[in-house]
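*Asks:* need coordinates for the following:
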Amino acid sequence: MISPKQSSNLITPLLLMFSIPSFATVMLFDSAFNIDGTTLSASDPVINTNAFDSISGLGSIDVTISSAGVHTFDVFFDHEIDEPINTFFNENGAFFGVASVGQSWEIDEPGTTGGNIFDNFLASTLDNSIGGLVTFPDDVSMALGWDFTLGVGEAAFINLLLDVIAPTNGFYLVHSDPDSNKSIYLSSELRIETNTISEPGILGLLLIGIAAISVGMRRKSSRYTNCG
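*Replies:* Numbering: from 1, shown residues only. Modelled structure (predicted):
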């Protein structure tokens with residue numbers, strides 16, 4: 001059986017160049033999201049892709065999780081860089097920085113010929129490694145994950161950034177095509193916020209309540225006085 005990527009090699013690069021716009025040197029072949037063991041598409045309501053280009057696979061994605069409890073979040077991306085010119089099996093992967101607490105990652109062949117990254121993505125068991133048994137250069141895909149716990153009234157806000165410009169700090173993954181001298185950078189941030197009202201806000205509500213009670217008592221007292 002010929003895979004979709006293998007079959008693409010049977011088409012001449014010239015025909016592919018006519019079918020793909022000249023600016024589309026970076027294209028998203030596949031992606032998926034996994035929240036608490038459920039695989040989701042980018043159209044799910046908890047996933048905001050307003051600042052993400054689904055064709056190139058570049059841009060920013062925001063994910064919101066607000067239910068209390070233990071959570072896992074994983075994302076998988078399989079990009080192609082200049083595939084009509086350089087094919088897809090000439091790529092390399094790398095990582096920079098130190099992963100945050102609760103953060104996991106993996107760079108591997110996407111599973112067509114031996115990589116286990118997609119299986120690990122589905123199981124939320126990304127192994128923090130490059131390649132495993134796969135020797136690069138090869139077809140490269142990237143995955144990032146977060147493990148975290150939310151209390152009652154807390155929400156997790158996850159941001160994913162995919163760009164052709166390297167981040168200036170923090171932990172990130174790199175998918176590179178050395179023949180094109182192009183790279184895709186994947187980074188992520190997790191922010192947990194409490195949705196309760198702040199102490200000044202609570203004090204303000206108490207003052208409003210006291211004032212309302214006071215007004216009510218004055219009106220009641222005035223009503224009884226007028227009855228006399």
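*Asks:* going forward, measure contacts between C-alpha atoms and count neighbours the same way
*Replies:* Noted.
*Asks:* skipping its backbone neighbours, what lies nearest K182 in space?
*Replies:* Excluding its sequence neighbours, the residue lying closest to K182 (C-alpha to C-alpha, 6 or more residues apart in numbering) is S176, at 5.9 Å.
*Asks:* number of nearby residues for that neighbour?
*Replies:* Residues lying near S176 (other C-alpha atoms under 10 Å) number 22.
*Asks:* that one belongs to a strand?
*Replies:* Yes: assessed with DSSP: H, G, I helix; E, B strand; the rest coil, S176 lies in a strand.
*Asks:* for it, give the beta-bridge partners.
*Replies:* When bridges are taken as DSSP bridges, the partners of S176 come out as N92, S183.
*Asks:* shouldn't T49 be in contact with L58?
*Replies:* No: taking contacts as C-alpha atoms under 8 Å, T49 lies outside contact range of L58: 10.4 Å.
*Asks:* any idea how far W105 is from the residue nearest to S31 when sequence neighbours are not counted?
*Replies:* Beyond its immediate neighbours in the sequence, the residue positioned closest to S31 (C-alpha to C-alpha, 6+ apart) is F77, lying 4.5 Å away. With distances defined as C-alpha to C-alpha, to the nearest Å, the gap from F77 to W105 amounts to 12 Å.
*Asks:* ok, the two, which is more surrounded?
*Replies:* Shown here are F77 and W105; by other C-alpha under 10 Å, W105 has more neighbours (26 against 22).
*Asks:* report how many residues lie close to N169.
*Replies:* One way to gauge burial is a neighbour count; for N169, by other C-alpha under 10 Å, it gives 9.
*Asks:* just the pLDDT at the closest residue in space to it that isn't next to it in sequence, thanks.
*Replies:* Spatial nearest neighbour of N169, chain neighbours left out: G97 (7.8 Å); criterion: C-alpha to C-alpha, 6+ apart. The per-residue pLDDT reported for G97 equals 97.
*Asks:* tell me how many other residues surround the nearest residue in space to G102 that is not next to it in sequence.
*Replies:* Excluding its sequence neighbours, the residue lying closest to G102 (C-alpha to C-alpha, 6+ apart) is D147, at 4.9 Å. Here the neighbour count serves as a burial measure; for D147 (other C-alpha under 10 Å) it reads 16.
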